[in-house]
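Q: Output the structure for:
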Amino acid sequence: MIELRGVTKRYGETVILNGADYIFPQRGLVCLMGPSGAGKTTLLNLLAGFDTDYSGDIAVGGTLLRELDEDALCRYRRDNIGFVFQNYHLLAGYTALENVCLARSPGIDPMETKKQAISILERLGIGEKSNQKVETLSGGQKQRVAIARALMGDPQIILADEPTGALNRANSTEVMEQLRGLAAQRLVVVITHDRQICSFADEVISIQNGKIVSHQPAPNPPPQRSLRTDGEVSPSLSGQAKKNIRVRLGRYLGAALAISIGLMGFLFSLSFDRVIDRSIEEFQEKNTAFNNGYIKGTDDGAMLDVLLDDERISSAYYQYKLEDLTLSAEGKTERLAEKFPMPKATESLSYGVMPREGAAEIALTPSLAKKFAGEIQTLLGKTVVLEYGGETCLLTVSGIYNAGYDDFFISADVERRLYQQLPGGQQNYSISFDVGRFEDIVPVSNNLRLRGIDAKTAADEVSALQNTFQRLNRLFLAISALVLAVGVFLAAVLLLKMQAARYREVGLLSALGYGRGQIAGMLRLENLLLATLAAGLYLVLLAASLLFAAALGYPLLFSSAQALLSLAAAAGLILALGGLASYRLVRTPPAEALRK
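A: Numbering: from 1, shown residues only. Reported below is the predicted structural model:
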């Protein structure tokens, strides 16, 4: 069945086989005896087609293994070889039956495969353990499950690598008796260093000085059987991918949770940025005086032209001293002998807001407000009648500001209308101007300062506020980036650790005849399912966060596009990390993967 012709195998300068020739019998139990490091596993890997780096020829059923490509070698193992390993290589989380059914043959219905597996398990005396998780089985029972898996598809060859190495003597004897019974119909090659195991063998061989030496020759072999190759592709591993997700659900949820929390932190950073923007807008609406500037002194027109030429300044006009004004409210009247223009931006408010243009509003000082009402805050929203010259204005009280004398501010358009009552030839007392955008207040003030113009503005307060907002935003962004980085790191560690524990599984699947493309497809499907899981978990966490924030009255402000982008990022990161973790796993040679 198997013939070695002048086979030489080296590892660097170490020669394992040197022109070795040997013909294995068609059936019977052959023990490959020898101490560790003698080359036993190397020979087994050559027979299995795991290792193709050798010189000479290895013929199985008349077919040279060196002429088979990677896919053909997978089919060779699937259709002709059953494997039994020292450490069983059973998949944790799977039942005994599910482990046996991994060795499905192409073209056979899954239900038929299940019936065949149950029949083999019953024949080996562990049919009642079919639906038990393999973790609950004894060592001897696990090895019988491994033998049952090796018998799926009725292989012509069984390669057993130290099948009794992890068993006690009683279980070892039981396993070897089963293997000897199987050898009546096929070739069984057993690697061992235990001389008592050799008592079950029809032939005992060893590797000495690079040659294969027979110590107990087998009887004359029957006629050679040809290699079985049906050429069909092995069944899909999609079902196993779904099963793997269920088996490792807890660890996969941990990775998905780490990514989701990291991305939610980043999304909350974007939300905080929008909250800051909204806070600034609300601050602007309440503190319209911050946009106002005041320049005291007469002007020949040059300074006003400078202001009007600046596109960032929305309006600028001269202010004048007013005399003999009358204010009436709540049935009381107060006469002011004179009213001097004062800077608005430097005043602080006790209640309400400063008057806004077009709103016909007035803001009073506390001392003036008390002349109309004992509780000055009750004046907010009340009507005050302002009379000057021939002009009568009905104004709404918008605020109370903290000046220590009787004074008031009125809406700019009302103020300009009052100036129209003045006789011609009046000298201006000051200039009032308004900056259109909040963020331009500081640049406009700096520009005027460079021109030597002394303007009273709220530039220092605005600058301090902007710096505070920016520092908070940077701090929150840094924290969110750190949370995201930690989440990605933890997810990467979890996925890499999980994949690192799966080398034997990948090696086993290769031994069972599944090609690299099929195994990679299984891992891709797992990553896709995991990405879907991460996206779903992210949506749940996001919905919970929104509900919790709403209950606390804290707004989470982000666009649907940002939410969708972060959702896609959650799935994308999982796919990327999963692909990275799987890359090396898929490309590890089967023999090396089985040893990890």
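
Q: What average pLDDT does the helix or strand harbouring residue 475 get?
A: In this structure, residue 475 is located in helix 459-500 according to DSSP states H and E. Throughout helix 459-500, pLDDT has a mean value of 83.

Q: ok, the closest residue to residue 461 other than its chain neighbours - how many residues close by?
A: Take residue 461 and drop its neighbours on the chain: the residue closest to it by Cβ to Cβ, 6 or more residues apart in numbering is residue 290, 7.0 Å away. Glycine gets a C-beta too; all of them are placed from N, C-alpha and C. Residues near residue 290, counting by other Cβ atoms under 10 Å, number 22.

Q: how far away is residue 290 from residue 366?
A: Residue 290 sits 21 Å away from residue 366, taking Cβ to Cβ, to the nearest Å as the criterion.

Q: and if you look at residue 199?
A: From residue 199 across to residue 366, the span is 111 Å (Cβ to Cβ).

Q: and if you look at residue 20?
A: Applying Cβ to Cβ, the value for residue 20 to residue 366 is 108 Å.

Q: quick one on the thing from earlier: residues in contact with the residue nearest to residue 461?
A: Residue 290 makes contact with 284, 345, 438, 441, 458, 461-462, according to Cβ atoms under 8 Å, 6 or more residues apart in numbering.

Q: now the strands for the stretch 51-200 of the chain?
A: With strands called from DSSP state E, counting those that start in this stretch, the stretch 51-200 of the chain shows them at 55-60, 63-64, 81-85, 157-161, 187-192.

Q: which one of those lies closest to residue 335?
A: Residue 335 sits nearest to strand 81-85 of all those, at 106.8 Å, using Cβ to Cβ.

Q: Show the average pLDDT along that closest one.
A: Strand 81-85 comes out at a mean pLDDT of 91.

Q: gap between that strand and the chain center?
A: Its chain's C-alpha centre and that of strand 81-85 lie 39 Å apart, by Cα atoms, centre = their mean, to the nearest Å.

Q: Following the record's annotation, map out the domains of this protein.
A: Domain assignment for the chain by automatic domain parsing gives 2-234, 249-281+467-595, 291-457.

Q: got these as JSON lines, with mean neighbour count and distance to residue 243 columns?
A: Output for these, formatted as JSON lines (neighbours: other Cβ atoms under 10 Å; distance: least, Cβ to Cβ, whole Å):
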{"stretch": "domain 2-234", "mean neighbour count": "18", "distance to residue 243": "7"}
{"stretch": "domain 249-281+467-595", "mean neighbour count": "18", "distance to residue 243": "10"}
{"stretch": "domain 291-457", "mean neighbour count": "17", "distance to residue 243": "58"}
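
Q: so what does the helix or strand of the chain with the lowest mean pLDDT touch, helix or strand wise?
A: Using mean pLDDT, DSSP states H and E, helix 249-286 stands out as the lowest-scoring helix or strand of the chain, at a mean of 76. Where contact means 3 or more Cβ pairs under 8 Å, 6 or more residues apart in numbering; DSSP states H and E, helix 249-286 is packed against helix 459-500, helix 516-552, helix 560-587.

Q: could you pull out the helices for the stretch 101-250 of the chain?
A: Assigned by DSSP state H, counting those that start in this stretch, the helices in the stretch 101-250 of the chain fall at 110-123, 139-151, 169-182, 238-247, 249-286.

Q: Can you tell me which helices and strands the first one packs against?
A: Looking back up the chat, that one is helix 110-123. Looks like helix 110-123 contacts helix 96-101, helix 139-151 (3+ Cβ pairs under 8 Å, 6+ apart).

Q: Turn the ones you listed into JSON lines, columns for mean pLDDT and distance to residue 525.
A: What follows is the helices and strands packed on helix 110-123, written out as JSON lines (pLDDT from 0 to 100; distance: least, Cβ to Cβ, whole Å):
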{"stretch": "helix 96-101", "mean pLDDT": "93", "distance to residue 525": "17"}
{"stretch": "helix 139-151", "mean pLDDT": "91", "distance to residue 525": "23"}
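
Q: related to what we said a few turns ago, let's have the helices and strands packed on helix 249-286 in TSV, adding distance to residue 206.
A: Shown next, in TSV, are these (distance: least, Cβ to Cβ, whole Å):
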stretch	distance to residue 206
helix 459-500	35
helix 516-552	34
helix 560-587	34
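
Q: who wins for proximity to residue 107 among these?
A: Using Cβ to Cβ, the helices and strands packed on helix 249-286 put helix 516-552 closest to residue 107, at 15.5 Å.
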